[in-house]
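Student: after the sequence you'll find the predicted model.
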Amino acid sequence: MDQPSRGTRAEDAERPSGPTRGADVALSVADVVKTYGSNRALDGVTITVRRGEFVALLGPNGAGKSTLFQLLSGLFTPDGGAIEVAGHDIRKNAVPALSSLGIVFQSPTLDQELSVLANLKFHTDLHGMPPRVARERIATELAAVGLTERQHDHVRTLSGGNKRRVELARALLHEPTILLMDEPTVGLDPRSRREILTHVLKLKRERQIAVLWATHLVDEADESDRVVVMARGKVLKAGSAADLRRDMGTQTLSEAFLKLTGGEASEAA
Ligand code: ADP
């Protein structure tokens, strides 16, 4: 198997320096390590997402994307390295760090037997929002995903695409600095996939929200500001889709990705 060029370039591209350090950074992942027994699921991962930036985290199955998201959402702690969200260290300052995150997990997490509204209300209560603010935020986000009319329906009656929209609306209720999307289109039909991606790109443009979008689907990374390619727990390369095509000498991002990830290409199709 070809060993992709790794190390300095990807890491340097991801390490914030000079004027980008600090206030401009929505998410900083620095040299993060996570092991499961002898398996290094994350092996010194450094990723930076700036405010208002859409970063696609592209990697084949087993790359470590979900493990990274579990650390980012505070479910587990890293064995090494540091994570900061909106300038708050996730270990030392967990409350402001976690309240700056909006998360859509890979597996659905809505209560199917409750209404759309009750699911959203549960989230605003968790965040301690005053009732009037909560009502306004819920109305705004439901309208943004086009589900105002369905708010009293049970979640179980919604299509897969609409359930994802509710999860997206929920993730935005507390106005996070960064939205984490862990393979958010898995199991959706092409039209619903497209709608979710278009909506998130619009949020980025209109609200300057930062986005980290994990995917193994190259077409979802094509419209991002930057692509971070991961495999086997390491960042192999980071840059715009154009940078990656140029550096890998390919016509398409898909070819660049296949060249970088070598033998794991078939898993990434
Ligand atoms: P991805 O989301 O990119 O498919 P994962 O983060 O799920 O990658 O997996 C990264 C590596 O960590 C894989 O080798 C996987 O087998 C391993 N792994 C993930 N979760 C666990 C776990 N709970 N216990 C042991 N190994 C795990």
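Tutor: Everything's here; your move. Bear in mind that the values here come from a model prediction, so they are computed numbers and not experimental data. Numbers count the residues shown, from 1 in each chain.

Student: quick check: longest helix of the protein.
Tutor: Counting residues, the longest helix found in the chain (DSSP state H) is helix 190-207.

Student: dig out what Gly102 forms beta bridges with.
Tutor: Bridge pairing for Gly102 (DSSP bridges) gives the partners Leu179.

Student: who's in contact with it?
Tutor: Ala171, Leu172, His174, Pro176, Ile178, Leu179, Leu180 (CB atoms under 8 Å, 6 or more residues apart in numbering). In this view, the C-beta of every residue, glycine as well, is placed from N, C-alpha and C.

Student: swap in Phe122?
Tutor: Asp111, Leu114.

Student: and it, what pLDDT?
Tutor: pLDDT, Phe122: 95.

Student: quick one: it from Ala221, how far?
Tutor: Between Phe122 and Ala221 the distance is 32 Å, computed by CB to CB, to the nearest Å.

Student: now that we have the contacts of Gly102, which of them are buried?
Tutor: Using 16 or more other CB atoms under 10 Å as the burial test, those include Ala171, Leu172, His174, Pro176, Ile178, Leu179, Leu180 as buried.

Student: same list, those residues, but as JSON lines with pLDDT and distance to the ligand please.
Tutor: Formatted as JSON lines, the buried ones among the contacts of Gly102 follow (pLDDT from 0 to 100; distance: CB to the nearest ligand atom, whole Å):
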{"residue": "Ala171", "pLDDT": "97", "distance to the ligand": "19"}
{"residue": "Leu172", "pLDDT": "97", "distance to the ligand": "23"}
{"residue": "His174", "pLDDT": "96", "distance to the ligand": "25"}
{"residue": "Pro176", "pLDDT": "96", "distance to the ligand": "21"}
{"residue": "Ile178", "pLDDT": "97", "distance to the ligand": "19"}
{"residue": "Leu179", "pLDDT": "98", "distance to the ligand": "18"}
{"residue": "Leu180", "pLDDT": "97", "distance to the ligand": "13"}
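
Student: closest to Asp189 out of those?
Tutor: Comparing these against Asp189 with CB to CB places Ala171 closest, at 21.3 Å.

Student: the helix or strand encompassing that closest one packs against which elements?
Tutor: Assessed by DSSP states H and E, Ala171 sits inside helix 160-172. If you count contacts as 3 or more CB pairs under 8 Å, 6 or more residues apart in numbering; DSSP states H and E, helix 160-172 packs onto strand 101-104, helix 116-126, helix 131-144, helix 190-207.

Student: which of these is buried the deepest?
Tutor: strand 101-104 (a mean of 22; mean count of other CB atoms under 10 Å).

Student: circling back to that earlier point, from the buried ones among the contacts of Gly102, which two are the most distant?
Tutor: Pairwise distances across the buried ones among the contacts of Gly102 peak at 13.4 Å for His174 and Leu180 (criterion: CB to CB).

Student: can you give me the pLDDT of Ser254?
Tutor: 94.

Student: re earlier: chain center to the longest helix of the chain: distance?
Tutor: 13 Å (CA atoms, centre = their mean, to the nearest Å).

Student: quick one: strands adjacent to the helix or strand following it?
Tutor: Next in sequence after helix 190-207, counting helices and strands by DSSP H and E, comes strand 210-215. Next to strand 210-215 in the sheet, as set by DSSP bridges, lie strand 54-58 (parallel), strand 178-182 (parallel).

Student: I'd like the ones you listed as CSV, with distance to Gly37 appended.
Tutor: CSV is the format used below for the strands paired with strand 210-215 (distance: least, CB to CB, whole Å):
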stretch, distance to Gly37
strand 54-58, 24
strand 178-182, 23
